[in-house]
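In: Just to be clear, the model below is a prediction. Sequence and coordinates:
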Amino acid sequence: MLRIVNRRQEIYDYFHNNGDCQQFFFDAAQKERYAAYYTRYAAYYTSMYLVQDTSESLLAHHARGFFSDPLAAYLEFWGVMQALIIQQDSISDLYEAVTSAELDIRALDSWQAVRTLRNACAGHPAKRDRPKNFPVTRTFMGRRFGGYPAITYEQWQAQGGISHPTVKLAALIDVYEGSGGQASGGVAVDEGAMATFHQAKMLDR
């Protein structure tokens with residue numbers, strides 16, 4: 001998460017220390033010509049806050065870990081998963097707000113791995129997003145699921161019976177965030193953020 005926090009701060013600092021960027025978005029004389037950019041600036045601003053809030057909250061929670069109370073930990077798990085999804089959506093909105101291009105998160109395997117885990121633990125894949133030739137699958141997230149080193153959920157699959165898949169949650173988040181690198185969603189976070197950063201610089205030319 002520190003990598004995302006740092007990239008977000010670079011973008012924020014550039015925008016707020018650059019008079020030309022402020023002029024571009026706020027000059028009343030340009031209101032009609034740049035009407036679309038006022039909407040984009042709102043998207044930029046809200047996305048920046050959401051990226052910051054989710055990153056800092058995830059960092060703090062990872063450092064502390066899940067509560068020993070299984071009921072509290074259960075709610076925390078879903079908070080962590082939803083924060084990751086909100087963060088992804090915010091990064092995508094931020095990227096589009098400044099570059100006018102859409103970030104195709106479907107092509108980012110580690111981003112999709114986060115979403116797949118959330119959907120699996122929620123039981124969503126029972127019928128949707130699966131080819132018809134795939135066996136019907138039901139999943140169940142119990143109260144005592146584990147923690148950041150590894151989580152376990154129960155899965156029932158037609159013709160396959162019951163199994164208990166285990167996912168290394170911390171490692172999954174690290175790959176997404178990019179500390180593990182290579183062709184990961186985290187790298188795309190860097191590329192998306194830096195593209196946004198460089199596009200912002202073009203506004204004062």
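Out: Everything's here; your move.
In: remind me which residues of the chain are low pLDDT?
Out: Low-confidence segments of the chain, defined by pLDDT under 70: 1-2, 20-38, 124-132, 179-205.
In: can you give me the strands in it?
Out: 137-140, 151-152, 154-157, 161-163, 166-167 (DSSP state E).
In: Could you count how many residues lie near the nearest residue to residue 88 once chain neighbours are set aside?
Out: Nearest residue to residue 88, sequence neighbours excluded (C-beta to C-beta, 6 or more residues apart in numbering): residue 111, at 5.7 Å. C-beta coordinates here come from the backbone N, C-alpha and C atoms, glycine included. As a burial measure, residue 111 scores 26 neighbours (other C-beta atoms under 10 Å).
In: can you pull the contacts of the residue nearest to residue 54 when sequence neighbours are not counted?
Out: Spatial nearest neighbour of residue 54, chain neighbours left out: residue 87 (4.0 Å); criterion: C-beta to C-beta, 6+ apart. Applying C-beta atoms under 8 Å, 6 or more residues apart in numbering to residue 87 gives the contacts 4, 50-51, 54-55, 58.
In: And residue 87, how far from residue 170?
Out: 16 Å (C-beta to C-beta, to the nearest Å).
In: same question, residue 78
Out: 17 Å.
In: which residue is nearest the middle of this structure?
Out: residue 88 (2.4 Å; C-alpha atoms, centre = their mean).
In: What are the phi and psi values at the closest residue in space to residue 160 that isn't next to it in sequence?
Out: Leaving out its chain neighbours, the residue that sits closest to residue 160 by C-beta to C-beta, 6+ apart is residue 135, at 6.3 Å. Here is the backbone geometry of residue 135 (degrees, to the nearest 10): phi -70, psi 150.
In: the helices in the chain, which residues?
Out: 2-16, 19-26, 35-64, 70-99, 109-122, 169-177, 185-202 (DSSP state H).
In: mind checking which of the ones you listed is nearest residue 142?
Out: Closest to residue 142 of the helices of the chain, according to C-beta to C-beta: helix 70-99, at 8.4 Å.
In: now that closest one, how far from the chain's geometric center?
Out: Its chain's C-alpha centre and that of helix 70-99 lie 5 Å apart, by C-alpha atoms, centre = their mean, to the nearest Å.
In: same check, this time on stretch 143-158
Out: The answer for stretch 143-158 is 21 Å, by C-alpha atoms, centre = their mean.
In: do stretch 153-169 as well
Out: The mean C-alpha position of stretch 153-169 is separated from the chain mean by 25 Å, C-alpha atoms, centre = their mean.
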